[in-house]
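Student: sharing a model prediction with you, sequence too.
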Amino acid sequence: SSEGAGVSSYNDLTDQPELKTINGESILGSGDLAVNTSTSGADINSIRPIPDADLSWVSIFPKVASVGNVTTTEGVHHYAIRRENPASAGEVWVDPVNGLDSSNGLTPGTPVKTLNEALRVRTSNDVYMMGSDDINNPVVFSKSDFRNTDAVGNRLKNVIVSGHCKISEAEDDYSALTWVAETGTQVFKATTTTVELNQLRYTKALDADGGFLKIPKIPFNTNIATTITDINNSQFGWYHDISSNELYVRIGNSSTFKDFIKGTPSNASSRMLILGTAISFYAPKGSSLVFDGVFLMPLVSGTVRPRLYMHAEEPNGIEIKNTVTHGIDALGGEYYIEHVKSTSTGGDNFHGFDSGGVSTLGFEVNCDSSFAGDVGTRGAAASGTSNGSAQHGTGDVVRFGGKYYKNHGPDVVDSGSGAFWNCGVEAFGSTAGNNAIGFDITPGSGRMYLDTCLARDEDQDEIQVNNGATLKTFNTTGVITEIGTGVALSYD
């Protein structure tokens, strides 16, 4: 399959009672996953359980995955939201160009203007984002948080993309600032009103993927003249002095450069918060949704886990890029994503960690993760800690299919005490130097499972298991390195 290391699909056994048990033990509801290795359909003789995983929370999903050519008409997104209690029936339409938040929003002809209005105020279950017919010219929406206090009875909101849409961070426009040329250089200085400035972007200079090019930041030197010299000697560069709020930028043409500069001021302002509630983003065939400069944070509220669902009918139909931190940053939340691409983020593309004593649970199906730690493909040198996908703490993650590659940390890395099950996952080409690893389970009591996975083209280790951790593999390609008391085993 082009979506993973030989895995094409998974199939639902809920309507096939004869396949619900193996040797008299239940598969569905047992807390264990299993793999169907048949290439011609579900076959009891081809069922292989996954041992020791204890993934009872996956009971909302099909409990059997297929590495054959069996197909299913429903994806993980549809299975997941079956347990949800939706908001009141009905629709609300959102058009940021022609809509008015004073409209009733009940028809495409009377849309509201903002997601904020649709998510927080309206009680309708289905929120339709009205997009364009041109994938290269999507309709731009402003981000909106979604909190349990905004939801009606903490019920699911289902956001459906109609056409091509983009949710973008509201940027600071620096063109109106007073710019002064530094004598004898092509560096210009202006005093900003922003205390912290994480990212500058040319608004008209696009990369090959249609995203903004990031201007590299020049490291600070104690001698500001040296910094100006460094900036002047760079092709493009900038330095922001947060103590004086002076912004230095090197661009050759003084008459036009101001029109190209915008900035994202801080992590918090570019966060789309999902606090203790449930939201679903769905892109049907022929539609797409891009989060540009916006990252998603499912954050626990008390003991209530938020649930984030993202599903595209077509590969990479939902994309997250150019964020100042992780693409998805789940903190004590649950996330279930399918056909989601995350790239060029400032941290991990997909990240889960405990919060308030509550663990994170993740499910990634046929996802694409690349260039983590390389914002806008023009970031600083890799730190080796920006990962393609990472689960930490006490939580679990399931990855089915998909590719994790060319990240500035291990392509897939898990730590802590959870269970991390990977089926048909491909990891390759990490650019993290000594930390360039395909699959990595770090020191701890965690258990990583690699079933029909592929690791290749890594500068350091293709597969690594560290002190105290356990790795179990089946039908997996890649050189395994055991560190300290880390143990690698096979299962059948």
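Tutor: Nice, I can see it.

Student: so Lys285 makes contact with His339?
Tutor: No: at 10.8 Å, Lys285 does not count as touching His339 under the criterion of Cβ atoms under 8 Å. In this view, the C-beta of every residue, glycine as well, is placed from N, C-alpha and C.

Student: the more surrounded of these two?
Tutor: His339 (25 against 8; other Cβ atoms under 10 Å).

Student: dump the residue contacts of that one.
Tutor: By Cβ atoms under 8 Å, 6 or more residues apart in numbering, His339 lies in contact with Gly75, His311, Ala312, Glu313, Glu314, Pro315, Asn316, Gly317, Ile318, Val365, Asn366, Cys367.

Student: hang on, the earlier thing: quickly list what's touching both of Lys285 and His339.
Tutor: Contact with both Lys285 and His339 is made by residues Glu313, Glu314, according to Cβ under 8 Å, 6+ apart.

Student: low-confidence regions, the chain specifically.
Tutor: Where the chain drops to pLDDT under 70, the residues are 1-85, 87, 152-154, 170-173, 193-223, 235-236, 242, 252-269, 375-384, 492.

Student: run the last query once more with 50
Tutor: Across the chain, the ranges flagged by pLDDT under 50 are 1-32, 39-42, 44, 59-75, 202-212, 254-255, 266-268, 376-382.

Student: do a quick rundown of the helices in it.
Tutor: 76-80, 115-120, 224-233 (DSSP state H).

Student: dump the second one to PDB, keeping only the CA atoms.
Tutor: Extracted in PDB, the C-alpha atoms of helix 115-120 (Å, rounded to 0.1, in the frame of the first residue of the first chain):
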ATOM      1  CA  LEU A 115     -16.400  29.700  13.600                       C
ATOM      2  CA  ASN A 116     -16.500  31.300  17.000                       C
ATOM      3  CA  GLU A 117     -20.200  32.100  16.500                       C
ATOM      4  CA  ALA A 118     -20.900  28.600  15.100                       C
ATOM      5  CA  LEU A 119     -19.100  26.700  17.800                       C
ATOM      6  CA  ARG A 120     -19.800  28.700  20.900                       C
END
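
Student: show me what that helix is packed up against.
Tutor: With contacts defined as 3 or more Cβ pairs under 8 Å, 6 or more residues apart in numbering; DSSP states H and E, helix 115-120 has these neighbours: strand 88-94, strand 124-130, strand 139-142, strand 146-147, strand 157-162.

Student: other residues contacting it?
Tutor: 92, 94, 101, 105, 112, 124, 127, 129, 141-144, 146-147, 150, 157, 159, 167, 279.

Student: state the distance from Val300 to Gly356.
Tutor: Distance, Val300 to Gly356, using Cβ to Cβ, to the nearest Å: 5 Å.

Student: export the helices of the chain as a markdown table, with columns for distance to Gly293.
Tutor: Formatted as a markdown table, the helices of the chain follow (distance: least, Cβ to Cβ, whole Å):
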| stretch | distance to Gly293 |
| --- | --- |
| helix 76-80 | 24 |
| helix 115-120 | 15 |
| helix 224-233 | 23 |
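
Student: what's around Ser88, how many residues?
Tutor: Counted with other Cβ under 10 Å, Ser88 comes out at 11.

Student: quick check: it touching Asp126?
Tutor: No: applying Cβ under 8 Å as the test, Ser88 and Asp126 come out as separate, 10.3 Å apart.

Student: can you tell me the closest non-neighbouring residue to Val487?
Tutor: Leaving aside its chain neighbours, Val487 sits nearest to Thr470 (5.2 Å; criterion: Cβ to Cβ, 6 or more residues apart in numbering).

Student: is that neighbour bridged to anything, and to what?
Tutor: Assessed by DSSP bridges, Thr470 has beta-bridge partners Arg447, Val487.

Student: wait, isn't it in contact with Met448?
Tutor: Yes: using Cβ under 8 Å, Thr470 is in contact with Met448, at 7.4 Å.

Student: higher neighbour count, these two?
Tutor: A count of neighbours by other Cβ under 10 Å puts Met448 above the other of Thr470 and Met448, at 28 against 19.

Student: tell me who's in contact with that one.
Tutor: By Cβ under 8 Å, 6+ apart, the contact set of Met448 is Asp414, Phe420, Trp421, Asn422, Phe439, Ile441, Val465, Ala469, Thr470, Leu471, Lys472.

Student: ok, 10 Å please
Tutor: Neighbour list for Met448: 391, 397, 412-415, 418-422, 439-442, 463-465, 469-473, 488 [criterion: Cβ atoms under 10 Å, 6 or more residues apart in numbering].

Student: now swap in Ile228 and tell me
Tutor: Glu182, Thr183, Gly184, Thr185, Val187, Lys189, Ile218, Asn221, Gly237, Tyr239, Tyr248, Arg250.

Student: what about the fifth one, how many neighbours?
Tutor: By the criterion of other Cβ under 10 Å, Val187 has 24 neighbours.

Student: list the contacts of it.
Tutor: Contacts for Val187 (Cβ under 10 Å, 6+ apart) come out as 180-181, 218, 227-232, 234, 237-239, 248-251.

Student: could you do the first one as well?
Tutor: Glu182 makes contacts with Phe188, Lys189, Ile224, Ala225, Ile228, Thr229, Ile231, Asn232, Tyr248, Arg250, as judged by Cβ under 10 Å, 6+ apart.

Student: now do the third one
Tutor: Applying Cβ under 10 Å, 6+ apart to Gly184 gives the contacts Ile228, Thr229, Asn232.

Student: any idea how far the first one lies from Ala181?
Tutor: In this case it means Ile228. With Cβ to Cβ as the criterion, Ile228 and Ala181 are 11 Å apart.

Student: what residues are shared contacts of the two?
Tutor: Val187, Lys189.

Student: from the contacts of Ile228, list just the buried residues.
Tutor: Neighbour counting by 16 or more other Cβ atoms under 10 Å classes Glu182, Val187, Lys189, Ile218, Gly237, Tyr239, Tyr248, Arg250 among the contacts of Ile228 as buried.

Student: how about the residues you listed in CSV, adding distance to Asn349?
Tutor: Below are the buried ones among the contacts of Ile228 laid out as CSV (distance: Cβ to Cβ, whole Å):
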residue, distance to Asn349
Glu182, 38
Val187, 34
Lys189, 35
Ile218, 26
Gly237, 26
Tyr239, 28
Tyr248, 31
Arg250, 30
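
Student: of the residues you listed, which belong to strands?
Tutor: With DSSP state E as the criterion, strands contain Val187, Lys189, Gly237, Tyr239, Tyr248, Arg250 from among these.

Student: what sits against Asn316?
Tutor: Ala283, Ser288, Val290, His339, Val340, Lys341, Ser342, Thr343, Asn366, Cys367, Asp368 are the contacts of Asn316 under Cβ under 10 Å, 6+ apart.

Student: one more pass at 6 Å, please.
Tutor: Lys341, Asp368 (Cβ atoms under 6 Å, 6 or more residues apart in numbering).

Student: let's number from 54 now, not from 1
Tutor: Let's use 54 as the start, then, which means that last one is Asn369.

Student: so it versus Pro161, what's the distance?
Tutor: On the measure of Cβ to Cβ, Asn369 and Pro161 end up 27 Å apart.

Student: and what of Leu361?
Tutor: With distances taken as Cβ to Cβ, Leu361 is found 26 Å from Pro161.

Student: neighbour count for these two, which is higher?
Tutor: A side-by-side neighbour count of Leu361 and Pro161, using other Cβ under 10 Å, places Leu361 first with 23 against 14.

Student: beta partners of that one?
Tutor: Judged by DSSP bridges, the bridge partners of Leu361 are Ile332, Tyr388.

Student: how many other residues sit next to Arg500?
Tutor: Arg500: 22 neighbours (other Cβ under 10 Å).

Student: picking up where we left off before, nearest to Phe348, of the helices of the chain?
Tutor: helix 168-173 (15.7 Å; Cβ to Cβ).
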